[in-house]
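Enquirer: what's the 3D shape of this:
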Amino acid sequence: MSTKNKYYLLFALFFVMAIVVAIYFSPYLLDRPDILVGFALCFSLILIGLLLLLLISYLSKDGMVKPSLEWVVVLLAFIFIGLFSTFLIQRSKQRKKDFDRQALITSMQKKELISAEKNTAQLPLWLEIKAKLLTEIAKADASLPDILIEEIVELSHSYIPYESYIAKRYIISSPERGRLLLDLLKLDIDSYSWSKILAQATFSYSSLPQANLEGRDLNGINLSSANLMGAKLVATRFYKANLRNVNLWSADLSRAKLSDTQLTNANLEWTQLIEANLDNAHLDGATLNNSTATKASFVYASVQQARLIAARLDSCNLHGVDFYQSELSKCSMKAATLTAANLRNSFWTDAILTKADMTNSVLRGTSLERADLTAVTLDSVFVRGADWYEKLLTWQVKGRTAITKKYHLLEETSFPENFVLHRH
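Expert: A predicted model of the protein is given here:
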C-alpha cells in the first residue's frame, strides 16, 4: 500500500471513529459544554495534522498541490465538524438554560410551599380571633378592645408574601392577607375600630383579582404591591391609602375616592376611572394607558413620568396637575380643565385637546406633534422660545392658525427663553 493510500485510510478511519464517538457520547457532551468544546478542539487539531500530512504527500515536484477528490472530502469534513460542533454547543447551552430555569422554578416552588405552610399554620389563630370578634360585635359596644385590634394587626404582619411562578412570570403575593381582608369585610366592625385596623395592619401583596369591594371603606389601607386585577371598586373609598405598585389592570374604579392616595408606579391600564376623585393623588411613574377617566378630578395630582397613552380624560378637572415628563400620546382631553398645570417636557403626540382650558399652564419643552388644539384657551400660558409659533407649524398642530391670530408672545424674564401668551 502506498504512503498516500495509508494517509487516506488513516484519515477515513479517524473521521468515522470521531463521528461514532461524538454520537455515542452526545447525551453526556450536551450537559458538559466545556468537554464538548475540548473534544471539538482536539478533533480539529488532529484533523489539521492529517491535512498537513496529506499536503506533504500530494506536493508535486514543482511545489504545487494537485487538486483531487481527497481535498474535496477534507474540505467537507471541516465544514461538517464546524456545523456539528456548533449544533452541539448550542444544544448544550439551551439544555443548560432549561435546566437552570427548571431548577429555579423547583426551588421557588419549594419556598412557596414552605411559606404557604407557615401561613396556613396561622389559621387556628385567625379562627380564635374571629370568634372573639363575633363575641365583641354581638355586645354592640362602641368599639373593639385595643388588644383584639392588636391581635388582628399582628396576624396581618405574620403572613409572609412569597414568590410564585404564574403564567411564566415571577409574582410575589400573599393570598392569606387577601383572604384576611375579605373575611374582615364580612364582619360588622364599627367604623372607629375599622379605621384603626386599616391604619396599623398591612395588606400589601394581597392577592385579590376580580374581588368585589364596591363601596367599601378602605381609607388609609396599605395595599401596596397588591393584585387587584379586574377588581370591582366602584365608589370604594381609598382616602390616603397606600396603593404603590398595585396592579389595577382593567379594574373598575368609577366614582372611587382616591384623593391623597399613593399610586406611585401603579398599573392602571384599561381601568375605569369615570367620575373618580384623585385630587392630590400621587401617580408618579404610573401607567394609565387606555384608561377611561371621563369627568374625573385630578386637582393638584402629581403625575410625573407617567404613561397615559390613548387614555381618555375628557371633561376632567386637571387644575394644577403635574405632568412633568409624562407620555400622553393619543390621549383625549376634550373640554378638560388644565388650568395652572405643569406640562413641562411632556409628550402629546396626536393628543386631542379641543376646547380644553389651559390658562396659566406651563408648556416649556412640551412636544405637541400633530396635537389637536382647536378652540383651546391659552391665556397666560408659558412657552419656551420666541419661535414657538414656528414650532406649531413644524409639529403640524391643528388650530395653530387661530392661536396665532388670537395670541401674541411676550417675553418673561423668570427663566431663559421664557415667553407668555397674551390675547391681542
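Enquirer: drop to CA atoms for contacts and neighbour counts, all remaining ones
Expert: Fine.
Enquirer: Let me see the ranges of the strands in this structure.
Expert: In the chain, the segments counted as strands under DSSP state E are 162-166, 169-173, 382-384, 407-412, 418-423.
Enquirer: Deepest in the core, which of the ones you listed is it.
Expert: Ranked by mean neighbour count, the strands of the chain are led by strand 382-384 with a mean of 23 (mean count of other C-alpha atoms under 10 Å).
Enquirer: now that one: mean pLDDT?
Expert: Averaged across strand 382-384, pLDDT comes to 95.
Enquirer: from the chain's centre, how far out does that strand sit?
Expert: Per C-alpha atoms, centre = their mean, to the nearest Å, the displacement of strand 382-384 from the mean C-alpha position of its chain is 33 Å.
Enquirer: what's the answer for stretch 180-189, then?
Expert: On the basis of C-alpha atoms, centre = their mean, stretch 180-189 sits 31 Å off its chain's mean C-alpha point.
Enquirer: Can you get me the start-to-end distance on it?
Expert: End-to-end distance for stretch 180-189: 14 Å, by C-alpha to C-alpha, to the nearest Å.
Enquirer: mind listing what's buried in that stretch?
Expert: By neighbour count on 16 or more other C-alpha atoms under 10 Å, the buried set for stretch 180-189 is 180-181, 189.
Enquirer: and if you look at stretch 306-313?
Expert: For stretch 306-313, the neighbour count (16+ other C-alpha under 10 Å) marks 306-313 as buried.
Enquirer: Let me see the mean pLDDT of that stretch.
Expert: Throughout stretch 306-313, pLDDT has a mean value of 97.
Enquirer: Pull the number of nearby residues for Glu154.
Expert: 14 (other C-alpha atoms under 10 Å).
Enquirer: Same question for the one 4 residues further on.
Expert: Ser158 is surrounded by 14 other residues when neighbours are defined as other C-alpha under 10 Å.
Enquirer: ok, now which ones touch Leu263?
Expert: When contacts are counted by C-alpha atoms under 8 Å, 6 or more residues apart in numbering, Leu263 touches 242-246, 281-284, 286.
Enquirer: what do you get if the cut-off is 10 Å, keeping everything else the same?
Expert: Contacts of Leu263 were listed using C-alpha atoms under 10 Å, 6 or more residues apart in numbering, and they are 224, 241-246, 278, 281-287, 302-303.
Enquirer: Which pLDDT does the model give it?
Expert: You'll see Leu263 listed with a pLDDT of 98.
Enquirer: gap between it and Arg244?
Expert: Leu263 sits 5 Å away from Arg244, going by C-alpha to C-alpha.
Enquirer: Give the residues shared as contacts by the two.
Expert: Residues touching both Leu263 and Arg244 (C-alpha under 10 Å, 6+ apart): 224, 282-284, 286.
Enquirer: Reformat those as JSON lines; add distance to Leu268, neighbour count and pLDDT.
Expert: Compiled in JSON lines, the shared contacts of Leu263 and Arg244 are given as follows (distance: C-alpha to C-alpha, whole Å; neighbours: other C-alpha atoms under 10 Å; pLDDT from 0 to 100):
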{"residue": "Ser224", "distance to Leu268": "14", "neighbour count": "22", "pLDDT": "97"}
{"residue": "His282", "distance to Leu268": "13", "neighbour count": "27", "pLDDT": "98"}
{"residue": "Leu283", "distance to Leu268": "10", "neighbour count": "28", "pLDDT": "98"}
{"residue": "Asp284", "distance to Leu268": "12", "neighbour count": "23", "pLDDT": "98"}
{"residue": "Ala286", "distance to Leu268": "7", "neighbour count": "24", "pLDDT": "98"}
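Enquirer: partners of the residue nearest in space to the middle of the chain in the sheet?
Expert: For the chain, the residue nearest the mean C-alpha position is Asn267 (8.0 Å; C-alpha atoms, centre = their mean). Taking DSSP bridges as the rule, Asn267 bridges to Asn247, Thr287.
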